[in-house]
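Trainee: Just the structure for this:
(2 chains)
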2 protein chains.
Amino acid sequence: MDIQEFVAQSIGQWRSQRSAHHLAFSHFEAVQSVIDIEAISPEDASVIELCKAYGVEPQQIVSPFKMTWEGESDWDDGEEVLKGSSVLVPVPNSTQLNCGKLLREQGYAETMAAAGDYRLMEDGTFVLTTSYDRAAAEEKIWFVNPNVRCRVSLIKTSAGTGVVTASFSSEIRQS
Amino acid sequence: MDIQEFVAQSIGQWRSQRSAHHLAFSHFEAVQSVIDIEAISPEDASVIELCKAYGVEPQQIVSPFKMTWEGESDWDDGEEVLKGSSVLVPVPNSTQLNCGKLLREQGYAETMAAAGDYRLMEDGTFVLTTSYDRAAAEEKIWFVNPNVRCRVSLIKTSAGTGVVTASFSSEIRQS
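Mentor: Next comes the predicted model:
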């Protein structure tokens, strides 16, 4: 599996159940959402802008896509509505094709642009590591079958040893 | 990482937060438990018995261990107490050392003995596949650091395509 195949498999609408474990105080958070993943043109203005921001040549990128999500969390019983979208741009490593950078307009954990390092494992698992100012995120995504994906996200302190939040999403294809 | 190292890293007491996603009806179940994993002797009666039941020679096995768990689920608000223990016996493949069988006195999903197929991935992730009469279970366990493990379990219908339950545990070492 290469990154193009991985993105192609991800295109569609997904119904997501996410559980976040806030480890320090053993809290469970439940989030239900709908996630849309659509291919976008490499010439899209948002893609060009991200490339510029990270000094990447447009011919280095493959399979840019846009994620849009809308969901509800049971956190604090507030039924908080979570909503957003982000453009993501894979930049494969020119020598090691199963690795590369993933440019993002906006992270899940922070509301600023971020570039992560991805790697596709032998079994097709996509592993993304992103370093933020005061934290690091590690995300694993894999397909159980073409219509079911799993995603595990870990937020660690920037020192890298402590895990603050571990969350798990099961995603079922709707279309 | 080989199976001996993986078992050695797992020995100890773990505080576990588990979320089960019952996919058909988007239900979230939360389970909190304490899991004890202890090494046992290859000469332990329960180990000898499991070897006999599966026609395995005692010299083929490595690192037998016992898991004991006690927890509470919020399922149906019944605060059900979940409690049990199981002896597990790895039997590495004689030619391919990162693969083998895992014999179990008792599964998580069913209350009967089961033998699963395990594989250790390049990044140290332990993957276990177990076929039951009417279902198949796939489990991935990996260490984020020596004191934090993640575990994803999928229960599929025996046809193998439908995922019925996806669950995620984050486990923090207590000792």
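Trainee: use CA for all of it now, contacts and neighbours both
Mentor: OK.
Trainee: just the helices in chain A please.
Mentor: A:3-10, A:45-53 (DSSP state H).
Trainee: Okay, now the unreliable bits of chain A?
Mentor: The model of chain A has pLDDT under 70 over residues A:76-80, A:106-113, A:158-161.
Trainee: Tell me the residues of it that contact chain B?
Mentor: Within chain A, the positions near chain B by CA under 8 Å from any CA of the partner chain are A:17, A:19, A:21, A:26, A:28, A:30, A:145, A:148, A:161, A:163, A:166, A:168, A:170.
Trainee: Residue A:61 - how many residues pack around it?
Mentor: 20 (other CA atoms under 10 Å in any protein chain shown).
Trainee: Sorry, slip of the keys, the one I care about is residue A:123.
Mentor: For residue A:123, using other CA under 10 Å, the count is 11.
Trainee: And for residue A:45?
Mentor: 10.
Trainee: any idea how far residue A:138 is from it?
Mentor: 28 Å (CA to CA, to the nearest Å).
Trainee: same check, this time on residue A:3
Mentor: Distance from residue A:3 to residue A:138, by CA to CA: 17 Å.
Trainee: again with residue A:40
Mentor: 25 Å.
Trainee: Name the residue in those two with the higher neighbour count.
Mentor: Using other CA under 10 Å as the criterion, residue A:40 and residue A:138 rank with residue A:138 on top: 19 against 16.
Trainee: right, and that one touches residue A:153 too?
Mentor: Yes - under the criterion of CA atoms under 8 Å, residue A:138 makes contact with residue A:153 at 5.7 Å.
Trainee: Skipping adjacent residues, who's closest to residue A:40 in space?
Mentor: Distance criterion CA to CA, 6 or more residues apart in numbering or on different chains; nearest residue to residue A:40, sequence neighbours excluded, is residue A:65 at 5.1 Å.
Trainee: pretty sure residue A:68 is touching residue A:88, no?
Mentor: No - applying CA under 8 Å, one finds residue A:68 not in contact with residue A:88, separated by 11.0 Å.
Trainee: These two: who's more crowded?
Mentor: residue A:88 (24 against 15).
Trainee: Contacts only, for the more buried one.
Mentor: A:47, A:64, A:65, A:66, A:67, A:102, A:103, A:104, A:105 (CA atoms under 8 Å, 6 or more residues apart in numbering or on different chains).
Trainee: These in strands, which ones?
Mentor: A:65, A:66, A:67, A:102, A:103, A:104 (DSSP state E).
Trainee: Of the residues of chain A next to chain B - the most surrounded one?
Mentor: That'd be residue A:168 among the residues of chain A next to chain B, by other CA under 10 Å, with 30 neighbours.
Trainee: Am I right that residue A:11 is in contact with residue A:40?
Mentor: No - look at residue A:11 against residue A:40 with CA under 8 Å: they stay out of range, at 10.5 Å.
Trainee: can you pick the most crowded of the ones in strands among the contacts of residue A:88?
Mentor: Neighbour max across the ones in strands among the contacts of residue A:88 (other CA under 10 Å) = residue A:103, 25 neighbours.
Trainee: any idea how far the residue lying closest to that residue once chain neighbours are set aside lies from residue B:17?
Mentor: Leaving aside its chain neighbours, residue A:103 sits nearest to residue A:115 (4.4 Å; criterion: CA to CA, 6+ apart). Using CA to CA, residue A:115 is found at 30 Å from residue B:17.
Trainee: again with residue A:127
Mentor: For residue A:127, the distance to residue B:17 - CA to CA - is 23 Å.
Trainee: give the contact list for residue A:38.
Mentor: So residue A:38 contacts A:11, A:12, A:65, A:66, A:67 (CA under 8 Å, 6+ apart).
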